[in-house]
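Sequence first, then the predicted structure:
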Amino acid sequence: MLNPFQHLIKKSYTMKNENLYNYILGIADNSLILGQRMGELCGHGPSLETDIACTNISLDLFGQVRSYFQYATKIAGDGRSEDDIAMLRQEREYKNVLLVEQPNTNFAYTLGRQFLFDIYHLAFLKELQKSTDLTLSAIANKCVKEVSYHARFSSDWIKRLGDGTDESKEKMQEAINDLWAYTDELFHQTDADKAMVAEGIGVDVTKLKDNYYREISQVLEEATLQVPGSKYFQKGGKQGIHTEHLGYILAELQYMQRAYPNMEW
Amino acid sequence: MSEEQIRSLERQFEERIARDEKIEPKDWMPEKYRQTHIRQMSQHAHSEIVGMLPEGNWITRAPSLRRKVALLAKVQDEAGHGLYLYSATETLGISRDEMYEQLHTGKAKYSSIFNYPTITWADMGAIGWLVDGAAIINQVPLCNTSYGPYARAMIRVCKEESFHQRQGFEIMMKLANGTPEQKDMAQDALNRWWWPSLMMLGPTDDVSVHTEQSMKWKLKRKSNDDLRQQFIDQTVPQADLIGLTIPDPDLKWNEERGSYDFGEIDWDEFWQVVKGHGPMNKERMKARVGAWERGEWVRDAAMAHAEKKQVRKEKQAV
């Protein structure tokens, strides 16, 4: 006999998957867009060593993206590939935070953006390691090693540039001041986030906030930089409402898939 | 030191090389040996660094995540090659900054192939397959060259290059077996990169100025023309395999020689590009010099920070 509640069970199952799918995208899109930004710099860094490091960070981030999206294809189960998910969504469907799409205005902005994201990213991944979703916790286990290195690299550079020359201090301070407005969004929750936290799968990012600002402040102080006092923040990325930069990022990211649809590479 | 003594040292030096012994940084070496190695090794390092630009150009537009990751890794390898080739060259008594200066002022050269533009995705395949393929042919003999640090660097470089070459060929194969548009893209890339790749193996033997001395020092083991023939003989069957056509109407198997005969290379184009008037010479230099200048404040800050740290450490010690 058919279970009279079958349709409800199915629906709740689908909803759970939809939340999980959106949750994965929310994590992966940050790495995707930041990886794309770091990839822009390849061959244009201030020294060979920093060039290699930035390329390496980009490489790590895209490796992470592939793990997440390969998992997302299984959750979606609709035949889409990791590339379809990465490259064939519309602008409003990307869920990355606004911070990661900010441009490489100069090396201070690049490293400032990296630093403000890395400290969050590392704290996030350490929590995600505890996820009841074994795939996500396995991905987090792998990523946490890479991101520890990113955080050390970017923190060291914040200190070098902050406590370097007058010129570097000014540039680093300006970058931190400008990027500060995008930090608060890191701790916002979408509906999918809340649902996944309730399931024990997701990370409650609201709990990471205080420690984040504490860690950031410590590094900035060591770098002899001011901790910005501004209380005005920008948000929207997690809801797909982006800055004007994202369209151009996607124009490059999606170019081949759009210009030559349905082909294998 | 008397002339007699110098001649004796030179004799011993040449004998060591003839016995296949490695020359190490602290060993005595003729000034010409030192200068020739600085020239060739720094040129090699510069080629790696400038070579990052045409491929770096496609990182943000790679057609799939797998290709993007592979391309990033490849360009990163090239930066790594540049790094240890610069380090190996520094053992000869020149600093990396001096070498950059020579690159930026045009005194030092880099491989001319990187003065061609990468205009489609297939160029990533063509560069891996043809450009890295020609580079390997040039470089494998250097794994046994007489200068120790260079030989050791080249062993690692060659391993990675041969991986890059297979990766490039695989990109081409995929395109050649793809849709008609993809196949056209692959053929077009082959058409544009074929002749410049042949030029990579250097001018013909009758006009090559460095060959004889370089042979003696094992900086070179085969002549440019022999290397070119080797490259052609190796590459033509690969093109056949994936159904692409080498853009040379004179290309023909010569039974007697056991090699392919091939058409005339446009040496005017080669010299035009070498002399700085290729399609991308100015852009490539602008990119390198621009990155260097834009990075100056960053490098200055790193130096200033290191000095401050040192001072603090000393104060603490007191």
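Looks like it arrived, so ask away. Since the model is a prediction, treat every value here as computed from it, not as a measurement.

In contact with the residue most central in space within chain A: list those residues for me.
Centroid-nearest residue in chain A: A:Asn30, 2.3 Å away (criterion: Cα atoms, centre = their mean). Shown in contact with A:Asn30 (Cβ atoms under 8 Å, 6 or more residues apart in numbering or on different chains): A:96-97, A:100, A:117, A:121. No exception for glycine: its C-beta is placed from N, CA and C like everyone else's.

again, only using 10 Å
By Cβ atoms under 10 Å, 6 or more residues apart in numbering or on different chains, the residues touching A:Asn30 are A:61, A:64-65, A:68, A:94-97, A:99-101, A:117, A:120-121, A:124, A:186, A:237-238.

so where do the helices sit in the stretch 1-150 of chain B?
Assigned by DSSP state H, counting those that start in this stretch, the helices in the stretch 1-150 of chain B fall at B:3-18, B:31-56, B:65-90, B:96-104, B:122-126, B:132-139, B:148-176.

quick one: buried residues of stretch A:205-220?
Neighbour-count burial for stretch A:205-220 flags A:205, A:208-209, A:212, A:215-216, A:219-220 (criterion: 16 or more other Cβ atoms under 10 Å in any protein chain shown).

Relative to chain A, how far out is B:Tyr147?
The gap separating B:Tyr147 from chain A is 22 Å, by Cβ to the nearest Cβ, to the nearest Å.

Wait, a strand at B:Tyr260?
Yes: looking at B:Tyr260 with DSSP: H, G, I helix; E, B strand; the rest coil, it is inside a strand.

nearest spatial neighbour of it, skipping sequence neighbours?
B:Ile232 (5.2 Å; Cβ to Cβ, 6 or more residues apart in numbering or on different chains).

Do a quick rundown of the helices in the stretch 201-318 of chain B.
B:211-216, B:224-241, B:267-272, B:281-294, B:296-317.

what kind of secondary structure is the residue in the stretch 101-250 of chain A that chain B sits nearest to in?
Nearest to chain B in the stretch 101-250 of chain A, going by Cβ to the nearest Cβ, is A:Gly164, at a distance of 2.8 Å. Here A:Gly164 is recorded as coil under three-state DSSP.

A:Leu111 is in contact with that one, correct?
No: A:Gly164 is beyond contact range of A:Leu111, at 11.9 Å (criterion: Cβ atoms under 10 Å).

between those two, what contacts are shared?
What both A:Gly164 and A:Leu111 touch, as defined by Cβ under 10 Å, 6+ apart, is the set A:157, A:172, B:298.

want to throw these into TSV with neighbour count and distance to A:Asp191?
Formatted as TSV, those follow (neighbours: other Cβ atoms under 10 Å in any protein chain shown; distance: Cβ to Cβ, whole Å):
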residue	neighbour count	distance to A:Asp191
A:Trp157	26	36
A:Met172	30	37
B:Val298	25	42
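
which one of those is nearest B:Arg39?
When the shared contacts of A:Gly164 and A:Leu111 are compared for distance to B:Arg39 (Cβ to Cβ), B:Val298 wins out at 29.3 Å.

May I have the phi/psi pair for the nearest residue to the closest one once chain neighbours are set aside?
If the residues on either side of it in the chain are set aside, B:Val298 comes closest to A:Pro46, at 3.9 Å by Cβ to Cβ, 6+ apart. Dihedral pair for A:Pro46: phi -70, psi -20, per degrees, to the nearest 10.

residues in contact with A:Pro46?
With contact taken as Cβ under 10 Å, 6+ apart, A:Pro46 is in contact with A:54, A:106-107, A:110, B:291-302.

quick one: it and B:Glu4, what's the gap?
51 Å (Cβ to Cβ, to the nearest Å).

Up against chain B, what does the stretch 101-250 of chain A have?
A:106-108, A:111, A:156-157, A:159-172, A:223-224, A:249 (Cβ under 10 Å from any Cβ of the partner chain).

Just the buried ones among the residues you listed, please.
If we count by 16+ other Cβ under 10 Å, these have these buried: A:106-108, A:111, A:156-157, A:159-165, A:168-169, A:171-172, A:223, A:249.

and those residues, which of them are in strands?
Among these, none falls in strands (DSSP state E).

Any stretches of the stretch 151-300 of chain B with poor pLDDT?
B:210 (pLDDT under 70).

Residue in it with the shortest distance to chain A?
Closest residue of the stretch 151-300 of chain B to chain A, Cβ to the nearest Cβ: B:Gly295 (2.4 Å).
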